[in-house]
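Novice: with the input below, show me the fold.
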Amino acid sequence: MADPALHDAVVGAGLLAGSANVIMQLSRAPVGHGVLESEVDSGNLFRHPVKRTRTTLTYLAVATMGTDAERAAYRRAVDRVHARVRSSVSSPVAYNAFDTDLQLWVAACLYKGFEDVYVAFVGGEPERFYRDAATFGTTLQVRPEMWPADREAFEKYWTAGLAEVAIDDVVRRYLTDIVDLRFLHPVVAAPGRRFHRFVTTGFLPRRFRDEMRLPWTAADQRRFDALLAAIGRVVRVLPAPLRRFPFNLCLWDLRRRLRTGRPLV
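Specialist: The predicted structure is shown next:
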């Protein structure tokens with residue numbers, strides 16, 4: 001099972017940063033176009049928003065709170081899907097879902113978002129669970145030795161990775177639709193669209209915000225900081241099961257699927 005420190009750091013309120021993290025991941029052209037051009041219909045957020053969200057949250061849950069056997073089972077299920085995700089002759093960039101360098105980038109984005117949420121809502125030193133966070137990548141094909149050895153090495157990797165961030169117009173339109181909740185029915189999306197755009201922009205580091213052409217002012221930052229402080233006060237007093245929801249629910253569902261032989265993704 002994942003280290004207890006990582007397990008205890010899971011914060012369900014981090015879902016507020018989910019779309020920002022998707023933007024970070026897809027800011028690498030091969031990742032972005034791999035998602036846009038994927039022929040795996042069941043993984044299309046705009047056609048199957050509930051299923052896509054469940055599989056993503058389950059991945060995070062099993063990576064942070066699951067056993068080695070559960071991670072292996074989920075890896076096999078995801079691999080069957082990823083085998084179909086590779087560039088064609090008409091793709092503007094080459095990509096392959098089994099590319100470990102791209103998987104490491106996605107894992108690094110997941111960790112960075114995870115760390116930001118933990119610091120904002122819980123507080124404390126993320127170094128205590130950093131090393132074990134390699135499971136964000138090793139749950140797929142990232143080899144343990146590929147994960148930066150410590151938080152300082154991670155920062156160097158992250159800084160170098162920012163130089164490869166480039167969101168073109170095609171990927172930006174797709175990500176903007178996510179920011180504006182266009183994968184949901186308009187009746188559901190409309191009331192939360194403005195708030196979702198605000199928190200998504202707030203959770204984005206400046207480089208990604210600029211690539212997305214999302215405006216952000218000093219006043220916006222003050223309101224965002226106040227929002228995080230208010231949410232953090234609530235999160236810190238919640239019982240652990242409530243603080244981890246819905247990730248604990250997703251892990252329960254995964255274990256139920258394993259017992260009953262139902263598809264995992």
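
Novice: residue 127 against residue 152, yeah?
Specialist: No. Judged on CB atoms under 8 Å, residue 127 makes no contact with residue 152 at a distance of 9.6 Å. Yep, even glycine has a C-beta here, placed from its N, CA and C like the rest.

Novice: those two - which one has more neighbours?
Specialist: The neighbour comparison of residue 127 against residue 152 (other CB atoms under 10 Å) goes to residue 127, with 13 against 10.

Novice: can you tell me how far the nearest residue to that one once chain neighbours are set aside is from residue 249?
Specialist: Closest residue to residue 127 apart from its sequence neighbours, by CB to CB, 6 or more residues apart in numbering: residue 151 at 5.2 Å. Computed as CB to CB, to the nearest Å, the residue 151 to residue 249 distance reads 30 Å.

Novice: surely residue 58 touches residue 250?
Specialist: Yes. Look at residue 58 against residue 250 with CB under 8 Å: they come within range, at 4.4 Å.

Novice: output the below-cut-off pLDDT ranges for the chain.
Specialist: Applying pLDDT under 70 to the chain flags the ranges 1-5.

Novice: mind naming the longest helix for it?
Specialist: helix 100-121 (DSSP state H).

Novice: returning to that earlier point: how many neighbours does the residue nearest to residue 127 have?
Specialist: A total of 14 residues lie near residue 151 under the criterion other CB under 10 Å.

Novice: ditto for residue 244
Specialist: Counted with other CB under 10 Å, the neighbours of residue 244 add up to 22.

Novice: contact partners for it?
Specialist: Residues in contact with residue 244, defined by CB atoms under 8 Å, 6 or more residues apart in numbering, are 10, 11, 12, 65.

Novice: can you check what angle separates the helix or strand where residue 154 lies from helix 100-121?
Specialist: Secondary structure from DSSP states H and E places residue 154 in helix 151-162. Relative orientation of helix 151-162 and helix 100-121, computed by axes from the mean of the first three to the mean of the last three CA atoms, to 10 degrees: 120 degrees.

Novice: may I have the very next helix or strand once past helix 151-162 as CSV, with CA atoms only?
Specialist: Using DSSP H and E, the helix or strand that follows helix 151-162 in sequence is helix 169-179. C-alpha atoms of helix 169-179 as CSV (Å, rounded to 0.1, in the frame of the first residue of the first chain):
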residue,chain,number,x,y,z
ASP,A,169,-4.9,27.0,-31.0
VAL,A,170,-6.4,23.6,-31.4
VAL,A,171,-5.5,22.4,-27.9
ARG,A,172,-6.4,25.8,-26.4
ARG,A,173,-9.9,25.6,-27.8
TYR,A,174,-10.4,22.2,-26.4
LEU,A,175,-9.1,23.2,-23.0
THR,A,176,-11.1,26.4,-23.0
ASP,A,177,-14.2,24.3,-23.5
ILE,A,178,-13.2,22.4,-20.3
VAL,A,179,-12.7,25.6,-18.4
